[in-house]
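Visitor: The following comprises the amino acid sequence and a computationally predicted model.
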Amino acid sequence: MELDDLKQRWKEKTNQKPTNKSIMEMIQHKSYGPVAALKRSYRKQVMVMLLIPFLFLLTNMDDISRPLTSVLYWCYVVFCIGMAAFSINNYMIADRMQRMDGVLKENLEQQITLLQTRMKWKIVGLRVVMLFFIVLVEVLPYFQHYRMLDKWHSLPVFTRYGAYAGLLILQYFINPLVLQHKFGRHLTSLKELVAEL
Amino acid sequence: MQKHELEKQFEKQISENEQLLFKVCHTYAYNQADREDLFQEIVIQVWKAFPSFNGESKFSTWLYRVAINTAINGLRKTRNFITSYEPDKLPANFSDDSRSEAEEEQFQEMYKAIGQLNQVEKAIVMLYMEDHSYAEMEEILGVGQGNLRVKMTRIKDKLRQLTRNN
């Protein structure tokens, strides 16, 4: 049996309506696609990151000057703003990924580019965050005294810097593996599809 | 354009072209629940993109693009969508009615074989079965007509092989 012999049958069979819901009812629903889920999670991340410094202030209302004069607090504020900006950037990437009205080939190529850009930024971003905290832990005691850092700074310099180097090396290898696990399969299948075109 | 007016126009356009969406759902999803989900997801994506439709191409061509892109990208992680090369998960049948048993069996075999194609090949077969010209296919898929002709010949060979093996 040839494909062409089945054209009429195909047309009849595939005419069945999959659902009785009305069109206008459907558009009231949220999208359940993976990109829509990503966008929702980025929106949450932005809100959480911007709320945390305020919540911290709220829990210290009895002595508000303490967090406001703390270098650590302001570093944390900078970190949260940076993370929120990163999430907004990711949100914008996901938003572009959600555009579905281009021709299939271009759409798939765009998905690949955006996904690779996102992965690259995530790797760079995580490295910057780690370096930021390493510098913070080393520099902070010069400005303010923090009991929690006393023990760490009592260790020999070689041990501390060795630990930092270890952490950076570990994340250098682990981070791409985690990203590969999370997005790699999807990326590979997209590349395969583009190759098919 | 006001939202109410836009909604009215959208509903009209979708109602006029809904057969097209049914076909995409039947090509990419193999049970009722998945088809319902895919149909809803496509309608949502079409609604989101609707304001950017500028009439450069026919509405049906534009609709095919959104529907196929959504089917291929939009629901990848959800539930049990059948991806290519998972013949075990393919439907046992897609039958209703009235045709002779032999004819029905042949159709089922071919439908099952189409299910084993990859996502791009499925799109090409679907458009071919709907008698779209290669020029229209090019507008939807972004692949040159010569290339599409070669692919169609290969797909037919592949389907012949698959139906022989099933």
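Guide: Thanks, I have the structure now. Keep in mind that what you see is a predicted model, and the values were worked out from it rather than measured.
Visitor: nearest residue to the residue most central in space within chain B other than its sequence neighbours?
Guide: Among the residues of chain B, residue B:24 comes closest to the average C-alpha position under CA atoms, centre = their mean, at 2.6 Å. Nearest residue to residue B:24 in three dimensions, chain neighbours excluded: residue B:67, at 4.2 Å (CB to CB, 6 or more residues apart in numbering or on different chains). The C-beta positions use only the backbone N, C-alpha and C, and glycine is treated the same way.
Visitor: swap in residue B:44?
Guide: Nearest non-adjacent residue to residue B:44 (CB to CB, 6+ apart): residue A:31, at 4.9 Å.
Visitor: if I pick the one you found, what's in contact with it?
Guide: If a contact means CB atoms under 8 Å, 6 or more residues apart in numbering or on different chains, then residue A:31 has A:98, B:41, B:44-45, B:48, B:74 as its contacts.
Visitor: Which per-residue confidence value corresponds to it?
Guide: The per-residue pLDDT reported for residue A:31 equals 78.
Visitor: For the helix or strand that contains residue B:11, buried residues please.
Guide: For residue B:11, the host element (DSSP states H and E) is helix B:3-28. When burial is assessed from 16 or more other CB atoms under 10 Å in any protein chain shown, helix B:3-28 yields the following buried residues: B:7, B:10, B:13-14, B:17-18, B:20-28.
Visitor: Looking at these, which one is closest to residue A:11?
Guide: Taking CB to CB as the measure, residue A:11 sits nearest to residue B:23 out of the buried residues of helix B:3-28, at 8.3 Å.
Visitor: Which parts of the chain belong to which domain?
Guide: Unless you meant another one, I'm taking chain A. By the record's domain assignment, chain A is partitioned as A:32-98, A:107-197 (automatic domain parsing).
Visitor: switch to chain B, that's the one I care about
Guide: Taking automatic domain parsing as the domain assignment, the record places the domains of chain B at B:1-81, B:86-166.
Visitor: Let me know which of those domains is tucked in deepest.
Guide: Mean neighbour counts were compared across the domains of chain B using mean count of other CB atoms under 10 Å in any protein chain shown; the top stretch is domain B:1-81, at a mean of 18.
Visitor: give me the low-pLDDT residue ranges for chain B?
Guide: Across chain B, residues meeting the criterion (pLDDT under 70) sit at B:1, B:74-100, B:166.
Visitor: ok, and the closest non-adjacent residue to residue B:26?
Guide: residue A:14 (4.0 Å).
Visitor: And the pLDDT at the one you found?
Guide: Listed pLDDT for residue A:14 reads 70.
Visitor: ok, now residue A:75?
Guide: 84.
Visitor: mind checking which helix or strand it is in?
Guide: Here residue A:75, judged by DSSP H and E, is contained in helix A:71-97.
Visitor: And that helix, what's buried?
Guide: In terms of neighbour count (16+ other CB under 10 Å), helix A:71-97 has its buried residues at A:72-73, A:75-77, A:79-80, A:83-84, A:86-87, A:90-91, A:93-94, A:97.
Visitor: tell me which strands and helices it is in contact with?
Guide: With contacts defined as 3 or more CB pairs under 8 Å, 6 or more residues apart in numbering or on different chains; DSSP states H and E, helix A:71-97 has these neighbours: helix A:34-59, helix A:104-139.
Visitor: Quick one: name whatever helix or strand follows the first one.
Guide: On the C-terminal side of helix A:34-59, the nearest following helix or strand under DSSP H and E is helix A:65-68.
Visitor: any idea how far that following helix is from the chain center?
Guide: Its chain's average C-alpha position is 31 Å from that of helix A:65-68, according to CA atoms, centre = their mean, to the nearest Å.
Visitor: what does stretch A:12-28 give?
Guide: Its chain's C-alpha centre lies 34 Å from the corresponding centre of stretch A:12-28 when counted by CA atoms, centre = their mean.
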